[in-house]
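> no sequence on this one, just coordinates:
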């Protein structure tokens, strides 16, 4: 890890009133809590990915019905 | 505070005084200039390529035919080459030059060498571009209407192939530059873990060195001598196989810089930290290993390759889903960390706490969402048997407009809103226009790509100026073909407007007299740092060696059997010059 | 007072586009034939409703309306 990366942990990474100093939102000034690895449980990520896998499964099912039952056999080889 | 020798103007000088000492522009004014120069080429190519894109969308759908159908293929070549070779690779070279310097915290070894590879890439690009554009002028006998997939028997003017070769050499020199920078760092930091961004740059370039061997052999050994008239026409299947040896890993060459931005910049913009540094390293190592031995999955319908080799390529391709699914988890978890630090709660409620007003965030998030959809259509493409349903239909352009056209291009645009102020010292011209632009790209792509996928399922071909045939009726699952055509054209127009807004916004930023302030270049460290990962992950020699072995395993037998089958120069092969009129007469 | 900022409306609107483009396909799967223009029209109407809901001044009673 470089020195610059280590420095980012300090408050200098939080820009205060200069939220849009560079035209983009650098960091919300009202971040007060800092969430460590032990305190953080990415359950929202789990929820989103489950939704994605559900969609994938449904689309595969859809492929089967629409494309395989709708077309003749595909010969390989 | 300003550095002598910079020629960016007075406003930047005044802007610099407001920048903190650890700003990238203050620390590395020279690298900033290199990045600006690379971005300029990338954005010019993007503008021209996007214009060609909207012409094609209007042409093939029959909404407005502004050019002759025979010239469609010149526009298509220009669209493909300018967007997926010039725009992407120049932009990623800029990102890599920035990322390698920032994370190693030292400049490249030699300024002269850096400008040398920038010039080499630019000269190669100019040669290839001139050859393509000359195809629009009938009085010249120069043309290169060979599409992005430049294999025999379609033949281009030698200047096109030579330009490509020069360009590829330029990218190799760039990679060498970044490795020299790393080795200089290593001499002073023995035993340290490679900084994450530099690790990503190095693994990507190792992958690129291996992947471009195929295209180098194709172009230098076969296509250039053939186009110069020195050698006879090469075996088309051999040149196809060598092209796809490079043609699939090149998509990861576009994607891995986008991943670099998702892993390192996006968590910061979201107000969080990267979830896991080791996981990010594993993903890049997997791409290094698996990107290249999969190219044959583009050739599932090529009759000269045995089914068994295709099956191996399919298996490798399915393994490639793993790093992308790992990325889906890590990146979403890093964003969620930002949302929770900003006070987000619940299973889905945290999504509201994300900085949606920031075009850099929203653009990258929408790009990631589109990539999830592209992942599904990619799985369809990768399956040997299902591929037959969609092969050479417009489904395939639908797929890669989600991946390279959105996951990569929209990420690059979004990242520009964050990066351009950091390399120019100028304030972003308009944040609301930026936000509108990235959302418009998303909406335009939903219209265009959904219509393309659906049209492909109905059997509409790709790479066709006039896919309207009186004898054939395309049957769609839902809706009519004419409505699909309108959606495609409408989406294409929205995308073009979005591209114009982007170029305008970036152009006005580059000329903005308002200085950017407080540009913090530091990126937050990962929640789970590199010290928690095995050091073997940083053993680049080992991974490069395994990657080479996998490529040999996947390609030696197929290449051997192709050469055994028809030879290097089969008799009776003829070049196809880019004269399409007789072909059109045959169809009519 | 608006409940959604212009940026939020933009993002919400963007997310509705794929939903209403895919709706006819999903419905055709269960045998319902919904023309694409009708589906997109429904999308526009829904977005207008969201817009109205967003612009109606916020009060505890109206929150669930």
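Noted; the coordinates are in hand. The shown structure was predicted, so the numbers you read here are calculated from the model rather than taken from an experiment. Numbering: from 1, shown residues only, chains lettered A, B, ... in the order given.
> alpha carbons only for contacts and neighbour counts from here, please
OK.
> for chain A, what's the nearest residue on the stretch 251-400 of chain B?
residue B:347 (4.5 Å; C-alpha to the nearest C-alpha).
> lowest-confidence helix or strand of chain A?
helix A:3-7 (a mean of 38; mean pLDDT, DSSP states H and E).
> which is the next helix or strand following it?
Moving toward the C-terminus from helix A:3-7, the next helix or strand (DSSP states H and E) is helix A:43-63.
> hmm, that next one touching chain B?
Yes. Residues of helix A:43-63 contacting chain B under C-alpha under 8 Å from any C-alpha of the partner chain: A:43, A:44, A:45, A:47, A:48, A:49, A:52, A:56.
> are any of those buried, and which?
A:44, A:45, A:48, A:49, A:56 (16 or more other C-alpha atoms under 10 Å in any protein chain shown).
> quick check: the third one vs residue B:379, distance?
With the distance defined as C-alpha to C-alpha, to the nearest Å, residue A:48 ends up 20 Å from residue B:379.
> could you do the first one as well?
Residue A:44 sits 25 Å away from residue B:379, taking C-alpha to C-alpha as the criterion.
> ok, back up a step: what sits against the nearest residue to the residue of the stretch 251-400 of chain B closest to chain A once chain neighbours are set aside?
Once flanking residues are discounted, residue B:347 sits nearest to residue A:44: 4.5 Å by C-alpha to C-alpha, 6 or more residues apart in numbering or on different chains. Going by C-alpha atoms under 8 Å, 6 or more residues apart in numbering or on different chains, residue A:44 touches B:333, B:336, B:346, B:347, B:348, B:350.
> farthest-apart pair in those, please.
The most widely separated members of the contacts of residue A:44, counting by C-alpha to C-alpha, are B:333 and B:346 (13.8 Å).
> the two - which one has more neighbours?
More neighbours surround residue B:333 than the other of residue B:333 and residue B:346, with 26 against 10 (other C-alpha atoms under 10 Å in any protein chain shown).
> quick check: which ranges of chain B have low pLDDT?
B:1-18, B:518, B:576-588 (pLDDT under 70).
> quick one, longest helix in it?
helix B:307-341 (DSSP state H).
> domain ranges for chain A?
Chain A breaks down by automatic domain parsing into domains covering A:1-35, A:41-77.
> mean pLDDT lowest for which of those domains?
If you rank these by mean pLDDT, domain A:1-35 sits at the bottom with a mean of 45.
> all helices of the stretch 451-588 of chain B, in order?
B:481-510, B:540-566, B:581-587 (DSSP state H, counting those that start in this stretch).
> so how far is the longest one from its chain's centroid?
If I follow you right, that is helix B:481-510. 19 Å (C-alpha atoms, centre = their mean, to the nearest Å).
> repeat that for stretch B:312-330.
18 Å.
> again with stretch B:470-486
31 Å.
> so it, near chain C or not?
Yes. Counting by C-alpha under 8 Å from any C-alpha, chain C has neighbours in stretch B:470-486: B:477, B:478, B:479, B:483.
> any of those buried? List them.
Using 16+ other C-alpha under 10 Å, the buried ones in the residues of stretch B:470-486 next to chain C are B:477, B:478, B:479.
> got TSV for the residues you listed, with distance to chain A too?
Putting these into TSV (distance: C-alpha to the nearest C-alpha, whole Å) gives the following:
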residue	distance to chain A
B:477	8
B:478	11
B:479	15
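> what ranges do the strands span in the stretch 151-300 of chain B?
Taking DSSP state E, counting those that start in this stretch as the criterion, the stretch 151-300 of chain B contains no strands.
> chain A contacts on that one?
So the stretch 151-300 of chain B meets chain A at B:192, B:193, B:194, B:195, B:196, B:268, B:269, B:270, B:271 (C-alpha under 8 Å from any C-alpha).
> so what's the residue most central in space within chain B up against?
Geometric centre of chain B, nearest residue: residue B:254, 2.8 Å, by C-alpha atoms, centre = their mean. By C-alpha under 8 Å, 6+ apart, the residues touching residue B:254 are B:84, B:88, B:89, B:92, B:404, B:408.
> what does residue C:10 give?
B:436, B:439.
> what do you get for the one 4 residues further on?
With contact taken as C-alpha under 8 Å, 6+ apart, residue C:14 is in contact with B:439, B:440, B:442, B:443.
> rewinding a little: of the contacts of residue A:44, which is the nearest to residue B:463?
Looking across the contacts of residue A:44 and measuring by C-alpha to C-alpha, the closest to residue B:463 is residue B:333, at 39.2 Å.
> correct me, but residue B:185 touches residue B:104?
Yes. Applying C-alpha atoms under 8 Å, one finds residue B:185 in contact with residue B:104, separated by 6.6 Å.
> the more surrounded of the two?
More crowded of residue B:185 and residue B:104, by other C-alpha under 10 Å: residue B:104, with 24 against 19.
> ok, residue B:553 to chain C distance?
Distance, residue B:553 to chain C, by C-alpha to the nearest C-alpha, to the nearest Å: 42 Å.
> burial measure for that residue, as a count.
Applying other C-alpha under 10 Å, I find that residue B:553 has 13 neighbouring residues.
> and for residue B:169?
Residue B:169: 18 neighbours (other C-alpha under 10 Å).
> contacting residues around it?
Counting by C-alpha under 8 Å, 6+ apart, the residues that residue B:169 touches are B:120, B:121.
> show me the contacts for the residue of chain C found nearest chain A.
Residue of chain C nearest chain A, by C-alpha to the nearest C-alpha: residue C:29 (7.8 Å). Applying C-alpha under 8 Å, 6+ apart, we find residue C:29 in contact with residue A:62.
> now residue B:19
B:26, B:425, B:516, B:517, B:518, B:519.
> quick check: residues of chain C near chain A?
Checking chain C against chain A by C-alpha under 8 Å from any C-alpha, the hits are residue C:29.
> what segments of chain C are helices?
C:6-29, C:36-55.
> buried deepest among these, which one?
Most buried of the helices of chain C by mean neighbour count (mean count of other C-alpha atoms under 10 Å in any protein chain shown) is helix C:6-29; its value is a mean of 17.
> can you give me the strands for the stretch 1-150 of chain B?
Taking DSSP E, counting those that start in this stretch as the criterion, the stretch 1-150 of chain B carries no strands.
> picking that back up, what's the ChimeraX line that selects buried ones from the residues of the stretch 151-300 of chain B next to chain A?
For the buried members of those, the matching ChimeraX selection, counting by 16+ other C-alpha under 10 Å, is:
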select /B:193,194,195,196,268,269,270,271
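> could the residues of the stretch 151-300 of chain B next to chain A go into JSON lines alongside distance to chain C?
Compiled in JSON lines, those are given as follows (distance: C-alpha to the nearest C-alpha, whole Å):
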{"residue": "B:192", "distance to chain C": "43"}
{"residue": "B:193", "distance to chain C": "40"}
{"residue": "B:194", "distance to chain C": "38"}
{"residue": "B:195", "distance to chain C": "35"}
{"residue": "B:196", "distance to chain C": "32"}
{"residue": "B:268", "distance to chain C": "20"}
{"residue": "B:269", "distance to chain C": "17"}
{"residue": "B:270", "distance to chain C": "16"}
{"residue": "B:271", "distance to chain C": "18"}
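> tell me which two in the residues of the stretch 151-300 of chain B next to chain A are the farthest apart.
Maximum distance among these (C-alpha to C-alpha): 28.4 Å, for B:192 and B:270.
> so which bits of the stretch 401-550 of chain B are right by chain A?
Counting by C-alpha under 8 Å from any C-alpha, the stretch 401-550 of chain B sits next to chain A at B:417-418, B:421, B:426-431, B:477, B:516-520, B:522-525, B:527-528, B:530.
> try 6 Å this time
B:427, B:428, B:431, B:516, B:517, B:522, B:523, B:524, B:525, B:527 (C-alpha under 6 Å from any C-alpha of the partner chain).
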